[in-house]
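Got a predicted structure plus its sequence, pasted below:
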Amino acid sequence: HKVGDRYFFEIDNQMLGRDFLLVSRLSGAPTGGGGFTTAGSSVNERMVRWEKRDNTILLKSISVDAYADESTPIAKSVAQNNFAPILAAFPIAAFGSGNASSVFDVTEFFAGDTPALSGLSTATRRAYGVTRFDTARSFISDVRSFPINVEVRHVQTFAATEAPGDRSGGAVSLEMRQSLVLLPKEPMTPRRFDPRVGYFTVERVNYGLDEQKAATETFITRWRLEPKDPAAYARGEVVEPVKPIVYYIDPATPTKWKRYVKEGVEQWQKVFEKAGFKNAILAKDPPSKAEDPDWDPDDARVSMVRWAASLVRNAVGPHTSDPRTGEIINSEITWFHNHMRSYRNRLLLETGAANPAARLLVRINAPAHAEQAADLALCARHAGVAGVLLPKVESAVQVALAASCGKPVWPIVESARGLANRAEIAHAQGVEHKRLGALDDSRRQVAELGDSDVSGGHARGGAFRGDCLMDQLQIIFGHVPVSPIAHPWHRQQR
């Protein structure tokens, strides 16, 4: 609820004591932050519970590191020795109909410098020279409610002597997104981690086991895939899941690459088929307002492939999971813009020998440059280099030297002397083409993968086929709802 400039939460009594996940993400990264800190980056995650004490609502941080089944005697000791810290206390301002719910003011909690919600760690504050949190320039920007989550965006501004970006401005501002996600009332059955199969994991110390030393249990993080037709699945048939994995493609993705991002996601379908699921993973464009007016990328039920305007040459695939079981709630893959150059280089080095479409022209240093010999040696070693762009050419001798690397030479004439010798340059051995003035060396730097053959038989039409046995075994291990050993496909393949 919003009353004037105040924001209020209303919590049903049935939600008191339920497990929630509080996820703090950057939704607006500060200019000059750099590195992997981009919009969508998770800053912190913790499990929390709402509790009522007299006329106050408490928000507690619940640790899942220590555990014992409630039926065991030691469960009481585990609770006593892991007392939950209280993140905030909210006086109840009003009650809902029949006292079935409580209403309380959360304005200061989100608009203030609340440690549990801050976008700047102690180390980052020190690096930026933060002197104080500025309440006048900090505020709640948006609050939205969805079926299983509440999303709050709020701007935080700090006075800082070493602020990134506009350092002379003396301030650093960022927008945070707080996701309060209701966890399943019936937790998914966790699956134990096997070090022979690569997965991200969650851990807990289980004091309730019959062990002489408290044992650490490690569970993999995985999607909850359940067969729509359990009987057919039990017969070994490939069936659709009740709820498929759906990734929405960020509208900010450059148009020419959307197709390939979608294909990259859906190529995993063939792997999930080995675990008995068809159409288990899908890639979609976000619906329009006319198609679905309630769709929102902030909804915890939505997984995204985001395209970040960042100089970082990498990609990350974080996900939000239930800390109790490892069940993946949603995922936000982030592709950093400059990662395209990394894939250009990989395409060149890994497939150039067998894939003509992956070869490219390399502009080397000018003849007078000390590094030209090293440039020519590099071009000679890599099969993916289709030719050499030679700048500042003034003689046929310079062209011949460049051609000694075994690649065709594209001479670039940029001086009066070069222009006077253009005839001999044009007819020099090894010349493929000539240019007067600067040559745009960006052409075909990134080859489209459409029909390319990748060397070694790894792919046709892309660098992934999904027929790698390890990929298949990994998905089977993590996503067959029953014991993987009992699955018909596994019995056939053993």
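The structure has been received and is ready for your questions.

measure Ser102 to Trp50 for me?
If you measure Ser102 against Trp50 using Cβ to Cβ, to the nearest Å, the figure is 9 Å. The C-beta positions use only the backbone N, C-alpha and C, and glycine is treated the same way.

so what sits against both of those two?
Counting by Cβ atoms under 8 Å, 6 or more residues apart in numbering, the shared contacts of Ser102 and Trp50 are 11, 57.

next structured bit after the strand or helix carrying Leu389?
Taking DSSP states H and E as the criterion, the element that holds Leu389 is strand 385-390. Per DSSP H and E, the first helix or strand lying C-terminal to strand 385-390 is helix 396-403.

What helices and strands are in contact with that following helix?
strand 385-390, strand 409-413, helix 422-426 (3 or more Cβ pairs under 8 Å, 6 or more residues apart in numbering; DSSP states H and E).

highest average neighbour count across these?
Among the helices and strands packed on helix 396-403, ranked by average contacts under mean count of other Cβ atoms under 10 Å, first place goes to strand 409-413 (a mean of 25).

residues near Gly317, how many?
For Gly317, the tally of surrounding residues (other Cβ atoms under 10 Å) stands at 11.

Now that we're looking at it, what pLDDT does it have?
Per-residue confidence (pLDDT) for Gly317: 84.

residue contacts, it?
For Gly317, the residues meeting the contact criterion (Cβ under 8 Å, 6+ apart) are 331, 333-334.

What subset of those residues is buried?
Neighbour-count burial (16 or more other Cβ atoms under 10 Å) applied to these gives 331, 333-334.

For Asp142, state which of those residues is nearest.
Minimum distance to Asp142 across those is 21.4 Å, recorded for Thr334 (Cβ to Cβ).

That closest one pairs with what?
In this entry, Thr334 is beta-bridged to Arg306, Val316, by DSSP bridges.

in the protein, which spans are helices?
According to DSSP state H, the chain carries its helices in the segments 75-80, 107-111, 122-128, 230-234, 255-266, 269-273, 339-351, 372-381, 396-403, 416-420, 422-426, 469-479, 488-493.

what would the ones you listed look like in a markdown table with distance to Arg196 and mean pLDDT?
Output for those, formatted as a markdown table (distance: least, Cβ to Cβ, whole Å; pLDDT from 0 to 100):
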| stretch | distance to Arg196 | mean pLDDT |
| --- | --- | --- |
| helix 75-80 | 31 | 94 |
| helix 107-111 | 44 | 97 |
| helix 122-128 | 36 | 92 |
| helix 230-234 | 25 | 93 |
| helix 255-266 | 26 | 93 |
| helix 269-273 | 17 | 94 |
| helix 339-351 | 26 | 78 |
| helix 372-381 | 37 | 92 |
| helix 396-403 | 51 | 92 |
| helix 416-420 | 62 | 85 |
| helix 422-426 | 61 | 80 |
| helix 469-479 | 9 | 80 |
| helix 488-493 | 15 | 50 |
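
Report the strands that pair with the strand holding Leu389, each with its relative direction.
Each strand pairing with strand 385-390, determined using DSSP bridges, is listed with its direction: strand 360-363 (parallel), strand 409-413 (parallel).

Take those and lay them out in JSON lines including mean pLDDT and distance to Val397.
As requested, those are exported to JSON lines (pLDDT from 0 to 100; distance: least, Cβ to Cβ, whole Å):
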{"stretch": "strand 360-363", "mean pLDDT": "83", "distance to Val397": "20"}
{"stretch": "strand 409-413", "mean pLDDT": "88", "distance to Val397": "12"}
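
of all those, which lies closest to Gln474?
For the strands paired with strand 385-390, the distance to Gln474 is smallest for strand 360-363, at 34.0 Å, taking Cβ to Cβ.

so how far is the closest one from its chain's centroid?
32 Å (Cα atoms, centre = their mean, to the nearest Å).

buried sites along that strand?
Under the neighbour-count criterion of 16+ other Cβ under 10 Å, strand 360-363 has 360-362 buried.

Looking at the residues you listed, which is nearest Ile220?
Distance to Ile220 across these (Cβ to Cβ) is lowest for Leu360, with 40.4 Å.
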